[in-house]
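In: Pasted the sequence and its predicted model underneath.
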Amino acid sequence: MNMFAAIDTPIQYVKGVGPKLSDYLARKGLRTILDLLEYYPRAYEDCRQARDIRSLVEGETVGLKAKIIKVSHIPIGTRRKIYDVLVMDGSGSVHCKYFRIPFRGYFERFRPGMEVRVVGRVVNYRGKIEFHHPDIYEFNKDENLDALVPIYVETEGLTSRKISRFVKAAIDSLKTSKVAVPETLPKWLRDKYRLRGRLESFEKIHCPPPDSGVEFSKLKTPYHYRIKFEEFFWLELLLARSHEKLKTHSAIAVRSKKNLCGKILANLPFSLTSDQKSAIDEILKDLSNSYPMHRLLQGDVGSGKTLVAFLTAVEVIESGYQAAVMVPTEILAEQHYKVANRIFSPHGIKVALLTSKSSSADPKEILAELKSGKINLVIGTQALIQEKVEFRNLAYAVVDEQHRFGVEQRQELKNKGISPHLLLMTATPIPRSLALTVYGDLDVSIIREKPPGRVPIQTRVVFQNKRQQVLEFMAKQTSKGRQAYFIFPLVEESEKIDLKDAVREYEKLVIEFPKIKFGLLHGKMSSEEKDEVMQKFRKNEIHVLVSTTVIEVGVDVPNANMIVVEHAERFGLSQLHQLRGRVGRGSLKSFCILLMGNAVSNESRERVMWLEKTNDGFELAEADLKIRGPGEFVGTRQSGALGFKMADLVSDIEILKEARQAAKNLIAMDPELKRPEHIVLRETLEERQRIFIG
Ligand code: ADP
Ligand code: MG
């Protein structure tokens, strides 16, 4: 029997589970006892002090005991329904609203008169206190009423109470079996950071002692600390290790001459901002190392990152090597290509454009010239990472709008050279806590300062009753020769949701404003069609561009000074900020109008109002992270892959910092985790590696 036998035991052998239920649990990702132990309660209900409905305060997460009065649904629009469970206690009543069904059969369980527990966050909707998507459980009279009851996320056919029973049975069997739960963290680390034991933490989290207090409900006990610390620690350890490993690869050390670079700069109609200069210096310093650069360049929209990439590429090219810039859209690739051509071709640097539909030149010729080294700089979309693309000596790979790409794609671009220097660029400012996790193995340069002379954008959050005024304002702007963007969340009418869509609204606008020339742009169009529309917009042959978020990244048309976003509540703050960045690029006074849909909650409104309050992308990113969680920044797939089951990137940032420091110290002391006391660490880390990204 190996030492992990106990927590490795299939869930089927837990008392009360059996083969049939274990199949179901396996589909939910619960296969072993360990999976069950790591299915942590998301809250605790304190049965000792029930809350009155009358005393509820907006923003708090509470549990209360109440009786169901009525279950109903309210149709909104033609297709959607809101489900409403009205509950009461001695002090008053409160509505529990659901905008979708949590799982099949959820509402069918409830009857008027049923005693329930309601656990959720209190929201204020148009001046009234209510719950949105709370968890409602049938109240069980057998439950021990003077204790904290753990609340688990329920699924169809699996109540919180059942889960609690299984976990308790599993813990009991672990405690009576002779095989201990293996401790994953070395003793010195546990001592240094005062971390509780692993089994003890599992036990206390699932079965809080009778005298425990409010710190449990806040998930802030020494036991929670231990688990959160460990979750962060594995990620930070991986990052620290991969950062260390980079230094073992060898890259071309570029000795910058600043010769051509100076000439190019002298030809530009403006001078660099000091943030651009320092970013360039940081990059050049990295490029001069004989191990590969791994750097992230963060800069708000319009801060001039492209130029930083091009000016550093010059040094690589002057040293006789090739550089590549990969961007997410064809529109952007063409835009960059034009800029690059303009500044480089007078100096004999050969620039090429490679997209899946390269209109500019024969792709065969481009491929041949990339291979022979005749092309010095190539700008392209994902077409760059096709197998047939070969370079002579790629030494510098730049990925623009890097969050649009997956880790694999970035890696594939790197594989086109022999450990080339890598520069990732993003206009989505990443909150500090996330930068420490997801990008923990990157060095970061930041451009905060915008080029001088930009007029601040006026932002207004507006409701549908003002829509006509907005349209008329737009008509007035275009009659003065200005241009506008009109952004929609969807391409076409949707069966499921009642949202304005780009195609239908475009058709309406064309009829309503015959003097304005409208264009339509969305992701379902072919790239030729998109290009044609973009070209016309650039030449002001189209005055108002009706579009989905395909224009979100990077597009630069200085004459456009107005952007209207429909259903602004559907977008993340960072995304809205990106969209807003499409205007305010010239010296014109610019406007961003955020139109809210009907029936939006106060919460959504407050959220979107952030854009009126600040123009600082970093501040918005922090707010977005607090409100919507990390998915916005790292992509849902990747945020799941971080493997956090309890730790929270917003509220647990202090723990994250400690775990990061601990990981760094450990790697500095024992880079390959070879010491005997670190063997368990290394093995666990290798197991975890599969879970994490990169
Ligand atoms: P982003 O950082 O969003 O990618 P861009 O690189 O597209 O920004 O730059 C936005 C615009 O600002 C471009 O038109 C570019 O030519 C211009 N620009 C870049 N640097 C400066 C500068 N130092 N002074 C004035 N304009 C600049
Ligand atoms: Mg850009």
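Out: Arrived safely, thanks for sending. Because the structure is a prediction, the values reported are computed rather than measured. Residues are numbered from 1 along each chain as shown. Ligands and ions are numbered 1, 2, ... in the order given.
In: Leaving aside the residues adjacent along the chain, what's closest to residue 43?
Out: Nearest-residue entry for residue 43: residue 151, 4.5 Å, with adjacent residues in sequence omitted and distances by Cβ to Cβ, 6 or more residues apart in numbering. Glycine gets a C-beta too; all of them are placed from N, C-alpha and C.
In: From ligand 1, how far off is that neighbour?
Out: 45 Å (Cβ to the nearest ligand atom, to the nearest Å).
In: Just give me the neighbour total for that residue.
Out: Number of residues near residue 151 (other Cβ atoms under 10 Å) recorded here: 21.
In: how about the residues of the stretch 151-300 of the chain that lie near ligand 1?
Out: Contacts of the stretch 151-300 of the chain with ligand 1, taken as Cβ under 6 Å from any ligand atom, map to 270, 272, 273, 276, 299.
In: could you redo the last one with a cut-off of 5 Å?
Out: By Cβ under 5 Å from any ligand atom, the residues of the stretch 151-300 of the chain that approach ligand 1 are 270, 272, 273, 299.
In: any idea how far the third one is from residue 605?
Out: Distance, residue 273 to residue 605, by Cβ to Cβ, to the nearest Å: 35 Å.
In: who has more neighbours, those two?
Out: Using other Cβ under 10 Å as the criterion, residue 273 and residue 605 rank with residue 273 on top: 20 against 15.
In: Hmm, residue 454 and the more buried one touching each other?
Out: No - taking contacts as Cβ atoms under 8 Å, residue 273 lies outside contact range of residue 454: 11.1 Å.
In: what's the overlap in contacts for these two?
Out: Shared contacts of residue 273 and residue 454 (Cβ atoms under 8 Å, 6 or more residues apart in numbering): none.
In: need the residues of this structure near ligand 1, please.
Out: 270, 272-273, 299, 301-307, 427, 451.
In: which intervals of the stretch 501-650 of the chain have sub-threshold pLDDT?
Out: 552-554, 630-642 (pLDDT under 70).
In: of all of it, which residue lies closest to ligand 1?
Out: Shortest the stretch 501-650 of the chain-to-ligand 1 distance, computed as Cβ to the nearest ligand atom: residue-wise this is residue 556, at 5.2 Å.
In: does that residue sit in a helix or strand, and which one?
Out: Per DSSP states H and E: residue 556 is located in neither a helix nor a strand.
In: Same question for residue 239.
Out: Using DSSP H and E, residue 239 falls in helix 222-246.
In: which strands and helices sit next to that helix?
Out: Helix 222-246 makes packing contacts with helix 198-206, helix 432-437, helix 653-669, helix 679-689 when contacts are defined by 3 or more Cβ pairs under 8 Å, 6 or more residues apart in numbering; DSSP states H and E.
In: what sits against the residue nearest to residue 43?
Out: Applying Cβ under 8 Å, 6+ apart, the residues near residue 151 are 41, 42, 43, 44, 45, 63, 119, 135, 137, 160.
In: before we move on, back to that, in the helix holding residue 239, what's buried?
Out: Using 16 or more other Cβ atoms under 10 Å as the burial criterion, the residues of helix 222-246 that qualify are 223-241, 243, 246.
In: hang on, the earlier thing: just the residues of the chain next to ligand 1 now: which is nearest residue 281?
Out: residue 272 (10.7 Å; Cβ to Cβ).
In: Return the residues in contact with that closest one.
Out: Contacts for residue 272 (Cβ under 8 Å, 6+ apart) come out as 265, 280, 304, 307.
In: And residue 669, by the same measure?
Out: Counting by Cβ under 8 Å, 6+ apart, residue 669 has no contacts.
In: pLDDT at it, what is it?
Out: Per-residue pLDDT puts residue 669 at 91.
In: Next one: it from residue 297, what distance?
Out: From residue 669 across to residue 297, the span is 31 Å (Cβ to Cβ).
In: same deal with residue 74?
Out: Taken as Cβ to Cβ, the span from residue 74 to residue 297 is 49 Å.
In: Of those two, which one has the most company?
Out: residue 297 (27 against 10).
In: Tell me if I'm right that that one and residue 443 touch.
Out: No - Residue 297 is beyond contact range of residue 443, at 9.9 Å (criterion: Cβ under 8 Å).
In: So residue 265 belongs to a strand, correct?
Out: No - per DSSP: H, G, I helix; E, B strand; the rest coil, residue 265 lies outside any strand segment and is helix.
In: Can you get me the centre-to-centre distance for stretch 184-194 and its chain?
Out: Stretch 184-194 has its C-alpha centroid displaced from the chain centroid by 32 Å (Cα atoms, centre = their mean, to the nearest Å).
In: Could you point out the bridge partners of residue 322 in the sheet?
Out: residue 394 (DSSP bridges).
In: what about it, how many residues close to it?
Out: 24.
In: what's stretch 18-26 in contact with?
Out: Against stretch 18-26 from outside (Cβ under 8 Å, 6+ apart): 10, 11, 12, 17, 31, 157, 158.
In: for stretch 605-618, same thing?
Out: So stretch 605-618 is contacted by 300-301, 427-429, 431, 448, 456-457, 459-461, 568-569, 573-574, 576-577, 580, 592, 594, 596, 620, 623, 627 (Cβ under 8 Å, 6+ apart).
In: list the buried ones in that stretch?
Out: Residues of stretch 605-618 classed as buried: 607, 608, 610, 611, 615, 617, 618 (neighbour count, 16+ other Cβ under 10 Å).
In: got the CA positions of it in CSV?
Out: The C-alpha coordinates for stretch 605-618 follow below in CSV (Å, rounded to 0.1, in the frame of the first residue of the first chain):
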residue,chain,number,x,y,z
ARG,A,605,-25.3,50.6,-12.6
GLU,A,606,-22.9,51.4,-9.8
ARG,A,607,-20.4,49.2,-11.5
VAL,A,608,-20.6,50.9,-14.9
MET,A,609,-20.5,54.3,-13.1
TRP,A,610,-16.9,53.6,-12.3
LEU,A,611,-16.1,54.7,-15.8
GLU,A,612,-17.4,58.1,-15.1
LYS,A,613,-15.2,58.3,-12.1
THR,A,614,-11.9,57.5,-13.5
ASN,A,615,-9.8,57.3,-16.7
ASP,A,616,-7.1,55.2,-15.1
GLY,A,617,-7.1,51.7,-16.4
PHE,A,618,-5.3,50.3,-13.4
